[in-house]
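K.L.:
here is my input, please return the structure:
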Amino acid sequence: MKKLAILLVLFTAILNAQNLKSSGTHFVDGVKDKKWSNSNGTDFTKASFSNFDGSCYVFLEVDETSLVSFETFTKVKSGNLEVKLIDEEDQVYFYCKTTKECDVLKEITLEKGKKYRLYFTGKNAKGSYKVNFK
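P.N.:
Numbering: from 1, shown residues only. Purely as a prediction, here's the structure:
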């Protein structure tokens, strides 16, 4: 019975991961950065930068209402960096502002039909971020 429960949890996690769509990185007007490097996949977004000043975001949507796990890792060598997940009404689901490191592990129910944004704001920031979602 215990094995069956574990298999059901794993199967549900796999199905939920398939329902998640991401697109971006979209830059908000006035972004300044040096040595920007980023990549996005079906279950992550990451970037490294030097002198990041401004905001960018990644869109997230689900085909069906799903529980999604977020793991956020930031490393800031100078300046500061804010990371937050918001919906269309600017409701904040998690938020982190740091001048060093900020790691967030959070499970959030994302609703079908809503668009969510992983938002990153830097102020003279040098460092990196990575967010895994599944």
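K.L.:
can you name the next helix or strand after the helix or strand of the chain with the lowest mean pLDDT?
P.N.:
When the helices and strands of the chain are scored by mean pLDDT, DSSP states H and E, helix 2-19 comes last with a mean of 45. Note on helix 2-19: by DSSP states H and E, the next helix or strand toward the C-terminus is strand 20-27.
K.L.:
pull the CA atoms of the helix or strand just after that next one into CSV?
P.N.:
Toward the C-terminal end, the helix or strand that comes next after strand 20-27 (DSSP H and E) is strand 32-40. Extracted C-alpha coordinates of strand 32-40, given in CSV (Å, rounded to 0.1, in the frame of the first residue of the first chain):
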residue,chain,number,x,y,z
LYS,A,32,20.5,48.3,-17.8
ASP,A,33,22.8,45.4,-17.4
LYS,A,34,26.3,44.2,-18.2
LYS,A,35,27.3,40.6,-19.0
TRP,A,36,23.8,39.4,-18.9
SER,A,37,23.4,35.7,-19.6
ASN,A,38,20.2,33.7,-19.1
SER,A,39,18.4,30.5,-20.1
ASN,A,40,14.9,29.1,-19.6
